[in-house]
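Trainee: output the structure for:
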Amino acid sequence: MTNREQLLQEIQEAPDDLVPTLLDFLHRVKAVREQHPLAKFAGILSDSEAEEIWQAIIKDCRQVDENEW
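Mentor: Numbering: from 1, shown residues only. Below is the predicted model:
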């Protein structure tokens, strides 16, 4: 199931009184995203590319060599 499909399912199952809050949240996120200076970079990576970068960060960037100094 894709994220979009999961989101739609969650919205369909949400109580009616929660739907306006979800819609308001989505509108706010979209407005901020359009104005954010990094917005032009959103969505340029595929899921597999993003996962590959994430794994490289976990593997290589979170290591501390206490004897390096």
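
Trainee: where in this structure is pLDDT low?
Mentor: Within the chain, the stretches with pLDDT under 70 are 62, 69.

Trainee: where exactly do the strands run in it?
Mentor: Assigned by DSSP state E, the chain shows no strands.

Trainee: chain center to the lengthiest helix in it: distance?
Mentor: Ranked by residue count and defined by DSSP state H, the top helix of the chain is helix 19-35. In terms of Cα atoms, centre = their mean, to the nearest Å, the centre of helix 19-35 is set 14 Å apart from its chain centre.

Trainee: repeat that for stretch 4-11.
Mentor: 15 Å.

Trainee: got it, and stretch 44-60?
Mentor: Worked out by Cα atoms, centre = their mean, stretch 44-60 lies 13 Å from the chain centre.

Trainee: ok, and what's touching the longest helix of the chain?
Mentor: Where contact means Cβ atoms under 8 Å, 6 or more residues apart in numbering, the residues beyond helix 19-35 that reach it are Ile11, Ala14, Ala39, Ala42. Backbone N, C-alpha and C define where each C-beta goes, glycine included.
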